[in-house]
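Visitor: here you go, sequence then predicted model.
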Amino acid sequence: MNLAGVDLVAWQADLKRAEAALLTAPIDEFEKGINEHLKGLQSSHVAFYHGLQAKFLPQHSINATLKIIGRNKDARWMFLDVFPEGPAAKAGIGPGQVLVAIDRVPAAPPEMPVLKTGRDYNLTISEGVGGASREVTVRVPFRKGTKQRPPIVEPVPVTGRMAEGNVGVLRIPYFSGAAGMRFGKALSAAIEDLKRRGCDSLIVDLRGNIGGSLGFSILASYLCPDKRPIGYSITPKSARLDLHRESLPRVPMPKTRLSLVARLAEYAFRDKSVVLLTQGLGSQPFHGRIAVLVNEWTSSAGEMVASFAKEHGLATVVGTKTQGKVLGAANFKVGADYFVRLPIFGWMTWGGECLERTGVSPDICVDEQPQLLARGVDMQMDRAMDAIVGASS
């Protein structure tokens, strides 16, 4: 059987051959081996993790992303996105700084560091390449995994601030909450605060966004005044039936918890292929003057918002191409406190584009320059500000 270019029979046979060695391997090697085999499925939103002993990439543990700078033996990991109020930020780490070592063990590409929740790490950090180094202690909180979510350290979902020229800036690393209502409440509070402070232009910073829940549709709703399609989900069943988007149910994101419960009950035993609509929140003072920031770590729901904004001409998208990891997934218990995360539906833009493996290309391509970032110069943010000024003139 061949699925999306993957020979599943061969994949299963390969896993079967490795079974004996995996079952007798130390815990860390067992978990690493399973995840390596899952990579053979060539799909995003696939993972194997323990509910209590999980190790995660930096964005899921210390709330920061890393970027390779330099080449060959001179390659280093630079901090790119540092999420507000996360463990890395609390330790005083900022964008442009370089990771030298973890617990005094040198840390260099190509292997991405993975960190365990519920313990402290001693990180050696330098101020840019060749700069003065210092040691900081990063405390990674303990998290327990459930069927609903892996035991990641969730970033603060949204923070807002005012920049010069009545420009509001929303930083959104994560769409929190199982169904998005918690995120929606935080987002609405942040936007109302910006409007009270005179915001008439908006920058939505989705750099490093790790995805999350349906809350992304609430953010999309603030980008336009009316109800319109954001995109649509397609399950394997609908794909086999070759259903057209016009035949799918049109579902706006609920505005209240009561309507959410009713909507969940309605679709509990139905196919999850639906057209997702914005809420129709009406005109906002920043409409027509919006920029969306993305980069190579923007994934999943963050990509859905960026593609929606670009497709409908609602914002200027600035930065670098996104990850191309846009699938809906579910977690399944597999015994011994382990879970496996697998995709259960795909996502299409309203124009019929599949973002999986392709990502979202920005309208204005700008890569961060390590030396400038280390000095506090954010070129992507600067270009987003320029785009807004241009839209206002």
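Guide: That came in fine, so what should we check first?
Visitor: okay, and the nearest residue to residue 64 once chain neighbours are set aside sits in which element?
Guide: Among residues not flanking residue 64 along the chain, residue 88 sits closest, at 4.0 Å (CB to CB, 6 or more residues apart in numbering). No exception for glycine: its C-beta is placed from N, CA and C like everyone else's. Remark: residue 88 resides in helix 87-90, with elements defined by DSSP states H and E.
Visitor: can you name every helix or strand that that helix contacts?
Guide: Contacts defined by 3 or more CB pairs under 8 Å, 6 or more residues apart in numbering; DSSP states H and E place helix 87-90 against strand 76-82, strand 133-140.
Visitor: starting from the first one, tell me which strands it pairs with and how they run.
Guide: Just to be clear, that refers to strand 76-82. Sheet pairing for strand 76-82, assigned by DSSP bridges, gives strand 64-69 (antiparallel), strand 98-102 (antiparallel).
Visitor: tell me the secondary structure of residue 185, please.
Guide: Reduced to three states with DSSP: H, G, I helix; E, B strand; the rest coil, the structure at residue 185 is helix.
Visitor: what's the burial count for it?
Guide: Residues lying near residue 185 (other CB atoms under 10 Å) number 17.
Visitor: using PDB, write out every CA atom in stretch 354-366.
Guide: C-alpha atoms of stretch 354-366 as PDB (Å, rounded to 0.1, in the frame of the first residue of the first chain):
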ATOM      1  CA  CYS A 354      -2.300  22.300   0.400                       C
ATOM      2  CA  LEU A 355       0.300  23.900   2.700                       C
ATOM      3  CA  GLU A 356       1.700  20.600   3.900                       C
ATOM      4  CA  ARG A 357       5.400  20.400   2.900                       C
ATOM      5  CA  THR A 358       5.100  23.700   1.000                       C
ATOM      6  CA  GLY A 359       4.500  26.300   3.700                       C
ATOM      7  CA  VAL A 360       3.600  30.000   3.200                       C
ATOM      8  CA  SER A 361       5.900  32.200   1.300                       C
ATOM      9  CA  PRO A 362       5.900  35.800   2.500                       C
ATOM     10  CA  ASP A 363       5.000  38.800   0.400                       C
ATOM     11  CA  ILE A 364       8.200  40.500   1.600                       C
ATOM     12  CA  CYS A 365      11.100  38.100   2.200                       C
ATOM     13  CA  VAL A 366      13.500  39.200   5.000                       C
END
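Visitor: contacts for that stretch?
Guide: Residues from elsewhere that reach stretch 354-366 (CB atoms under 8 Å, 6 or more residues apart in numbering): 43-44, 294, 298, 303-304, 306-307, 310, 316-327, 346-349, 379-380, 383, 387.
Visitor: and with 7 Å instead?
Guide: 44, 294, 303, 306-307, 310, 316-324, 326-327, 346-349, 379-380, 383, 387 (CB atoms under 7 Å, 6 or more residues apart in numbering).
Visitor: could you pick out the buried ones from the residues you listed?
Guide: Listed as buried from those are 44, 294, 303, 306-307, 310, 316-324, 326-327, 346-349, 380, 383, 387; burial here means 16 or more other CB atoms under 10 Å.
Visitor: mean confidence for the longest strand anywhere in the chain?
Guide: Longest strand in the chain, counting residues (DSSP state E): strand 338-349. The average of the pLDDT scores along strand 338-349 is 90.
Visitor: now for that strand, which elements pack on it?
Guide: strand 47-50, strand 229-234, helix 301-311, strand 327-335 (3 or more CB pairs under 7 Å, 6 or more residues apart in numbering; DSSP states H and E).
Visitor: tell me which of the ones you listed is the most buried.
Guide: Most buried of the helices and strands packed on strand 338-349 by mean neighbour count (mean count of other CB atoms under 10 Å) is helix 301-311; its value is a mean of 26.
Visitor: run a quick neighbour tally on residue 83.
Guide: Using other CB under 10 Å, residue 83 has 27 neighbouring residues.
Visitor: quick revisit: check contacts around the residue nearest to residue 64.
Guide: 62, 63, 64, 82, 138.
Visitor: show the pLDDT at it.
Guide: We have a pLDDT of 98 for residue 88.
Visitor: distance of it relative to residue 65?
Guide: 10 Å (CB to CB, to the nearest Å).
Visitor: can you tell me the strand partners of the very next helix or strand once past the longest strand of the chain and which way each runs?
Guide: Counting by DSSP H and E, the next helix or strand C-terminal to strand 338-349 is strand 364-365. Paired neighbours of strand 364-365 in the sheet (DSSP bridges): strand 316-319 (parallel).
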